[in-house]
Every structure is written in structure tokens, then in C-alpha cells.
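S.K.: Output the structure for:
(chains A and B)
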Amino acid sequence: MVEFIAVFKRDVRLAAAQGGGLGLAIGFFLIVVSLFPFGIGPDLKLLARVAPGVLWIALLLSVLLSLDRMFQADFEDGSLEQLVVSRAPLEVIIVAKVLAHWVTTGVPLILATPILGLFLNLDEQAFGVLVLSMLIGTPALNFVGAAGAALTVGIRRGGLLLSLIVLPLYVPILVFGVSAIQSSLTGPSGSLQTMMILGALTLGSAALAPFAAAAALRVHLR
Amino acid sequence: MSDLSFSLGRGDGMMLSGPNGSGKTTLLRVIAGFGEITGGSLTLEPVPDDDLSQACLYVGHQNAIKPQLSVLENITFWAEFGGGDVESALSSFSMTPIKDVPVAMLSAGQRRRVGLSRLALASQPIWLLDEPATSLDKASVKTLSQIMQAHLDAGGMLIAASHTEFDIPLNKTLELSAREPGAAEAGHG
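M.R.: Numbering: from 1, shown residues only, chains lettered A, B, ... in the order given. Next up is the predicted model:
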């Protein structure tokens, strides 16, 4: 537990000290979303209809952009070796790193989405569900992404490979994230079920991905 | 590597020598728990052998420090992570004057000192040092020797792979020879 807190604190501090990763992800998110009105045209009804999907896809891509640094820096400077041979189980350390990554990239991205929803003429009554569905669903993006990042650590230009591995696995999260928002627009209680499935996806990935990531990292350090 | 056999008792230090590519790093990494041996065994007595890597402190070529953080922040992290006293680690390689400097601004030798300060935090009985004296100046090599001596005096063990001579007598040496092409792959600890 001491190790968990130490790693979490260090990663949050590193993200704050670096700044670059977070600014990059938010900037990317902003630009991708604001490209859509240009591409689709000023049809407000059409924009409102595609908004949930656009926001979720842009969020996926922004998270993806920040994933490859999750283990890469630790791998390059030798910290990863020290974390692997420590007393704490590697899986616990990975959970600490994923949570720190979610707090420093996922949460700021989610906080930016309501503003971007305005860009796309998203119905105001969907904003609450939008943020809630993302808060429930995005940890799954980070956990699944951690397994992918662990597989590609140490591979030069691994970022591209990482997207090929991770993006197909993001499909269920995308489907249920978007449908949660859309069903909230049709009926008052429609989004509860999809929210629960999103929660299940997050919990499932939180339970499985750390083991996959730990196994991948151990293989890389052979 | 093949036909290797050695044992270390309390207070034993072993110097690992041999030409480049003879497998010094590989041997240290195997002891530290990275990778598996294809034959033979490594045991830690009286504790069961799967605890061996827990008993080892491995200092590799890389310093395991973050360039964005200051010296103090780096050492504090390793102290929080694995235990140990931050102040004594800072003073071990006389880094107290530069403790607030970001590691990115330090020279290679200074970074090495920050990396080596983990030795002062360590509670592990076995130290595995891979080229610990790289880019250190004479005074720091002397400090390192003193820290190693103190560890041995306290009943610890260490294996150092180095081309630098230390001021302290390490009572054992292991000479690895360059691997011959086509030699059978068999480890033996």
C-alpha cells in the first residue's frame, strides 16, 4: 500500500511537472471536435445528432495519444526494473500508475467535454449524462490501454502498434458510452442500463488488465 | 554462459570481471530476477530461493531517476517506495547543496550519484552493482567504496561488475571469459 501511494503521488507530480502530455491531449481533443462542424457544415440538427459519437471518439483518440508514455519513460530510465523487483506486486503498481494516468489525463478531458458539447449543439439535458457516462467509462479506456502500452513498451514507434491493439478493444466502451447519452435524450430512465454495462466494462477491465500488463512488462524485462 | 559456480556468505564481496560482452550484466540481472536460467540453480539460504530477488538491490546502467523532478523529490520517492532515510541518502554522496536542482540540469556524474544514493536507502542484504563507478569522479568513487565497505562490515553481500578499481578489498573474484561462438547455452549458478 505504501508503494501504491508512492507511485501514484510520483506519477501525478510527474504529469504536473511535465505538463506537455496533458496539454497535448486536451489540445488534440479540442481540435478534433472542432473539425467536425467544419467538415459536416452548419446543420445544427445533424451536429446535435452526431455529437455524442463525435465526443466519445475524440475522447478515445485523446486518451490513446497519451497512452504510450505510460510505461515508456519508466522503461527508458530504468525505474521500471526497480518497480518490478520491489516487494509490492507489480499488478498493484500498475493499478497505481493507471489511476494516476486517469486522474491526470482522463478527468481533465472529461471536464472539457461540456464546452465541446456546446460546439456541437448537444442538447443541454444530455450534459449531465455525458459527463457521468464518461466518468464511468473512461477508466476502462486507461486500463485496457495500460495492457496495450505494456505490450508495446520498448518498441520503437510502438505508438502505432498500440493503436492497432487497443482501438478494437475500445469498441464496446464506445458503443455503450454513446448509447447512454442517446437514450437519455429519448427517455428519462433509459440510460441506467447502459450506464451499468459501462460500469461493468470498467470493473472488468480493472480486474483483468493489470495482470495482462504485468505479464507483458515481465516479458519485456527479460 | 556455462560452468559457473560461486557462493557468497555474510560480509563477502565479489568482483565480477571479464571483457565486454562476457555476460557480467546478464549474470547480475539473472540474480536480480530478470530472466530465467536454463540450467542449474540459484539459492538463497536459509530462505527459499523464490525470495532471492527480494533480497537483492540491483543498480543497473540506468539511474532510475526522473529528469523532471529535483534530486530531493527523486530520493523522497524511492524512500517512500522502499523505505529508508532521505537525509542520510542525500548526505551519502554530498548532494545536500544540490537537492532542489532538477535532475535534468545535472551532469552525468551527478546523476549517477543520485542513482547510487539508493544504496543508502537500501535494506536489502545483497547488492548487485553493474558498473557503479561509471562517470564518477575520484572523490565519489572513494565515497562509493566507503559505502560498499560499510555494507560488507554490516554483514551484507555484494557483487560488483566494474572496470574501475575500488579502494576496498573484495575477497572474491569471478572472471568471466568471452563467449565462444556456437558454445552451448547453459547457465549454472
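
S.K.: burial measure for the residue lying closest to A:Leu90 once chain neighbours are set aside, as a count.
M.R.: In space, and not counting its chain neighbours, A:Leu90 is closest to A:Ala214: 4.2 Å by Cβ to Cβ, 6 or more residues apart in numbering or on different chains. The way it works is simple: take the backbone N, C-alpha and C, and place the C-beta from them, glycine included. Burial of A:Ala214 is recorded as 21 neighbouring residues (other Cβ atoms under 10 Å in any protein chain shown).

S.K.: cool, and A:Leu141?
M.R.: Look at A:Leu141: counted by other Cβ under 10 Å, it has 30 neighbours.

S.K.: contacting residues around it?
M.R.: Counting by Cβ atoms under 8 Å, 6 or more residues apart in numbering or on different chains, A:Leu141 makes contact with A:Leu59, A:Leu60, A:Val63, A:Gly106, A:Tyr170, A:Ile173.

S.K.: which residue is nearest the middle of chain B?
M.R.: Centroid-nearest residue in chain B, with Cα atoms, centre = their mean: B:Leu129, separated by 2.1 Å.

S.K.: what are the phi and psi values for that residue?
M.R.: phi -110, psi 120 (degrees, to the nearest 10).

S.K.: okay, and for the chain, where does confidence drop off?
M.R.: Going with chain A. A:19-21, A:187-190 (pLDDT under 70).

S.K.: oops, I was thinking of chain B
M.R.: Across chain B, the ranges flagged by pLDDT under 70 are B:1, B:46-51, B:167, B:178-189.

S.K.: And the residue of it that's closest to chain A?
M.R.: B:Gln62 (2.8 Å; Cβ to the nearest Cβ).

S.K.: Chain neighbours aside, what residue packs nearest to that residue?
M.R.: Once flanking residues are discounted, B:Gln62 sits nearest to A:Gly78: 2.8 Å by Cβ to Cβ, 6+ apart.

S.K.: What residues does that neighbour make contact with?
M.R.: The contact partners of A:Gly78, taken as Cβ under 8 Å, 6+ apart, are B:Gly60, B:His61, B:Gln62, B:Asn63, B:Ala64.

S.K.: Can you tell me the element the fourth one falls in?
M.R.: Secondary-structure assignment from DSSP states H and E places B:Asn63 in no helical or strand segment.

S.K.: So it versus B:Asp3, what's the distance?
M.R.: Using Cβ to Cβ, to the nearest Å, B:Asn63 is found at 33 Å from B:Asp3.

S.K.: re the thing from before, which residues sit in contact with the residue of chain B closest to chain A?
M.R.: Neighbouring residues of B:Gln62 by Cβ under 8 Å, 6+ apart: A:Glu76, A:Asp77, A:Gly78, A:Glu81, B:Gly115.

S.K.: Correct me if wrong: the last one contacts B:Val59.
M.R.: Yes - counting by Cβ atoms under 8 Å, B:Val59 is a contact partner of B:Gly115 at 6.8 Å.

S.K.: Same drill for B:Asn63 and B:Asp3, tell me which one is more crowded.
M.R.: The neighbour comparison of B:Asn63 against B:Asp3 (other Cβ under 10 Å) goes to B:Asn63, with 23 against 9.

S.K.: nearest spatial neighbour of residue 111, skipping sequence neighbours?
M.R.: Using chain A here. A:Leu111 sits nearest to A:Val131 (Cβ to Cβ, 6+ apart), 8.0 Å away.

S.K.: Hmm, no, I was thinking of chain B.
M.R.: B:Asn63 (5.4 Å).

S.K.: thinking again about what came up before, which two in the contacts of A:Leu141 are spaced the farthest apart?
M.R.: Across the contacts of A:Leu141, no pair lies farther apart than A:Gly106 and A:Tyr170, at 13.3 Å, counting by Cβ to Cβ.

S.K.: Next, count neighbours for the nearest residue to A:Val153 once chain neighbours are set aside.
M.R.: The spatial neighbour of A:Val153 that comes closest, neighbours along the chain excluded (Cβ to Cβ, 6+ apart), is A:Phe71 at 4.4 Å. For A:Phe71, the neighbour count with other Cβ under 10 Å is 25.

S.K.: Please consider this matter closed, and thank you.
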